[in-house]
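Participant: take this sequence and fold it.
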Amino acid sequence: MSGPRKRASAAKSAGWFQDRVEWLKIRRNWLTVAGVAGALILLLVLGTVAYAAATLPDPSKLDLAGGTIVIQDRHGTAIEERNAQGARVNPVTLAQISPLLRKATIDVEDKNFYQHGGIDWARLVKAGIIDTIARRPAQGASTIDEQLAKIAVLQSPKKSLLVKLREAMVAVSLQSRYTKDQILTMYLNTIFYGHHATGIEAAAQVYFGKHASELSLAEASLLAGLPNAPSYLDPALHLDRAKARQAIVLDAMVRQNDISQAQADQAKDAPLTFVFSESRSSQAPHFVDYVFEQLESLYGPSVVSRGGFAVKTTLDLNLQKAAEHAVAVGQQKLGSLGADNGDFLAIDPKTGEILAMVGSADFFNNDIKGQFNVVTGLRQPGSSFKPYAYEQAFRSHKLTMGNLLDDTSSHFAGGQFHDFDFRNMGMITAHQALLLSRNIPALETMQSAGIDSVIKLAHDMGITTNLKSEVTTAIGSSEVRMLDHAVGYGVFASGGTRHDPVSILEVDDMQGKTLDKPSPPQAKQVLTPQEAYLITYILKDYSSTWNLGWNKPFAGKSGTTNDYHDAWMMAYAPNLVIGAWVGHTGPGDQNMHGVFGTMVGSSVLKDFINNGLSQANFKVESFQRPSGLVDGTACQNNANVSPSPSASPSATSSASPGSSEKELYLPGTECVAPPPTPSPSPSPSPSDLLSPVPSIVPSGVTPSPTPAPSSTPAPTPTPSASPVTSP
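Facilitator: From the prediction side, this is the model:
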């Protein structure tokens, strides 16, 4: 019995030994692989360092003037040049620069400037930890030395490990060639402050009309904050941003004990008198400013201020000129009614590329705040927001275009809301309600679709601003940006796909070699082609319904806000989205006198569509109905949707097909009952530019005269927070 037991034990022992041998072999193989990988990584790092050192430019050859940046349109035609011969560059000594400006710059940019040797290692480690946690570059770590190296020595606009390595090497090399005071002097003479001002002396003269040695604490702290993002922080356009950055600078000075808290508070509240003394030649100044914001976001303000490259943009100068002419036509026809400002935007809905951008009626007119870009500013959109509410109702099967809505003001919210014409149309189809821009049905639709659901859809379609979770958002009480609004309408135009704005196609060096081609934002499918076409099917008749006079197949929607404060017109075709706004931005920000959104459509957009597009040789594509939709007629009741839209007990149906003989339905949402015998279709009365309101009344109601806008708007008995929108 003992013999077999020993043999079993020996066999077991041999198996264990063999397992250990195999495990050691595997471990040795993994160690070998790890060693080889480590050696390759070390070799790569050493090679990168060696290459960076071998290609390092001479730090003694500092170019303080900065290079030219040429902004081109999509065809290569120059739009504007910056930092060329027209740039303001006035180098001064350190003694000629206000000590307050010097302290402000060091405290906010590099508080350990006089202690480190070109690289602030503690700050670098801290930034690395924060960036790792945030999973994005959230903490800057470049010292003044590194920024000077990037501005005055290095050339590439691209961000990469090699560029950062070379930047650090040059920064360290500067320490052996120059004193800290010399480095600071070169830095303050080299950085870009915006408004064509390179260096602090030029900036002091451009912004405040004084020398750099004469700057007050309030002025010095504001200027010290601008190089962080000169376009984004431009006080001429975004004073609130510039003041917020100024507060950051002043707080940093307090922490470094360079000023007291009382001095900081006094400087924050001190009035600033800007002169903005600059000359500028540009074919699209608002667009160029927008492009510079994008460049600073992509490559950093120091690279942009260094210049030395050309930017091919998405702009089409032919369309830009047509847009500028259209805005001028609008001012000529509507200016007497108080519309002293206007804007225009054109984008390609298939790519998001901006083709034309006119940010104001006159960039150089300070009386209307002409340098402010209204295209990217916030305004109430009025009824032009309604398509988002109807789209959500249609796609969620809470409503169809053939369903009935009650256009009777007394049954909704106790009669607090009414329409531009103070009329009730009774029971009408959703198709008619949107086409005729009725307010009460839009509010009903918002409730049926779900307020938060509509807001979510609007955000998914491109609106980036906060929208109030209120029913009045449906008729335009929440502010939006025209740029976002155009992206949203682009979803309808493209058959359901969202393309965010694109302004830069590529960046080239001055010899034409491509340095970078920024990747466009990823497209997002928001709606199905069938869902998107439901809105298009209704809005493609907007021009004919409202006598706008367009000679090309555009869908459109107008919007007018309370007391004629804002007038919008949005329009789209499969390959173009356009939008225009007019308003009053002169002294007092007064309202206009009877300017409707449809008047923008029959002046600004009419000129662009009928004349400008032809002159620019732009071919407008026609809408194509996607497969998968069901033809039908208007509903006799709302049994096909749940919950049914609310209606007053006394309301009777006067519904009839809108501008089309049939309605379109998503499969499964058709009416469950036969339609009623149609009554005569309401139709708009002819109107000229100053009488844009169609005389539309429900059947059986004696029509009253079409109201013509007058210099004194009719009283508006609605809550002040809720705009009374109109066409």
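Participant: how about Val446, secondary structure?
Facilitator: Residue 446: Met, not Val. Look at Met446: counting by DSSP: H, G, I helix; E, B strand; the rest coil, its state is helix.
Participant: touching, it and Ser453? I think so.
Facilitator: No. Counting by CB atoms under 8 Å, Met446 does not reach Ser453; the two are 9.5 Å apart. Every residue, glycine included, has its C-beta placed from N, CA and C.
Participant: Ser558 contacts Asp566, doesn't it?
Facilitator: No. Assessed by CB under 8 Å, Ser558 is found out of contact with Asp566, at 11.1 Å.
Participant: which residues sit against the helix or strand where Asp631 lies?
Facilitator: Using DSSP states H and E, Asp631 maps to strand 630-632. By CB atoms under 8 Å, 6 or more residues apart in numbering, the residues outside strand 630-632 that reach it are 402, 662-667, 669-671, 675.
Participant: drop anything exposed from these.
Facilitator: Among these, those classed as buried by 16 or more other CB atoms under 10 Å are 402, 663-666, 669-671, 675.
Participant: report the two of the residues you listed separated the most.
Facilitator: The distance between the two most remote of the buried ones among the contacts of strand 630-632 (CB to CB) is 17.6 Å, for Leu666 and Pro675.
Participant: ok, back up a step: shared neighbours, Ser558 and Asp566?
Facilitator: Once CB under 8 Å, 6+ apart is applied, the residues that Ser558 and Asp566 both contact turn out to be Gly382.
Participant: is it true that Gly597 touches Pro727?
Facilitator: Yes. Assessed by CB under 8 Å, Gly597 is found in contact with Pro727 at 5.9 Å.
Participant: which residues do these two both contact?
Facilitator: What both Gly597 and Pro727 touch, as defined by CB under 8 Å, 6+ apart, is the set 383, 558, 560.
Participant: name the member of those with the most neighbours.
Facilitator: Neighbour counts for the shared contacts of Gly597 and Pro727 peak at Thr560, which has 33 neighbours (criterion: other CB atoms under 10 Å).
Participant: could you measure from it over to His593?
Facilitator: For Thr560, the distance to His593 (CB to CB, to the nearest Å) stands at 12 Å.
Participant: same question, Tyr489
Facilitator: Applying CB to CB, the value for Tyr489 to His593 is 28 Å.
Participant: look at those two and report which has more neighbours.
Facilitator: Higher neighbour count among Tyr489 and His593: Tyr489, with 29 against 18, using other CB under 10 Å.
Participant: the more buried one - that's part of a strand, no?
Facilitator: No. Counting by three-state DSSP, Tyr489 falls outside a strand, being helix.
Participant: tell me the first helix or strand C-terminal of the strand holding Asp631.
Facilitator: strand 663-665.
Participant: need the three-state assignment for Val620.
Facilitator: Once three-state DSSP is applied, Val620 turns out coil.
Participant: neighbours of it, just the number please.
Facilitator: Here the number of neighbours of Val620 (other CB under 10 Å) works out to 15.
Participant: same deal with Gln246?
Facilitator: By other CB under 10 Å, neighbour count at Gln246 equals 29.
Participant: quick one: what helix or strand has it in it?
Facilitator: Assigning secondary structure by DSSP H and E places Gln246 in helix 239-255.
Participant: picking up where we left off before, just name the closest of the contacts of strand 630-632 to Ser478, please.
Facilitator: Of the contacts of strand 630-632, the one sitting nearest to Ser478 (CB to CB) turns out to be Leu666, at 27.5 Å.
Participant: just confirm the closest one contacts His397, I think it does.
Facilitator: Yes. Contact criterion CB under 8 Å: Leu666 and His397 qualify, at 7.2 Å.
Participant: go ahead and confirm Arg74 touches Leu505.
Facilitator: Yes. At 6.6 Å, Arg74 and Leu505 qualify as touching, with contact defined as CB under 8 Å.
Participant: what about the helices in the stretch 51-200 of the chain?
Facilitator: Counting by DSSP state H, counting those that start in this stretch, the stretch 51-200 of the chain has helices at residues 99-109, 121-134, 144-152, 161-177, 180-190, 200-208.
Participant: repeat for the stretch 251-400 of the chain
Facilitator: Under DSSP H, counting those that start in this stretch, the stretch 251-400 of the chain gives helices at 261-269, 285-299, 301-306, 317-334, 386-395.
Participant: comparing the ones you listed by mean pLDDT, which bottoms out?
Facilitator: When the helices of the stretch 251-400 of the chain are ranked by mean pLDDT, helix 301-306 comes last with a mean of 75.
Participant: elements contacting that helix?
Facilitator: The helices and strands touching helix 301-306, judged by 3 or more CB pairs under 8 Å, 6 or more residues apart in numbering; DSSP states H and E, are helix 144-152, helix 285-299.
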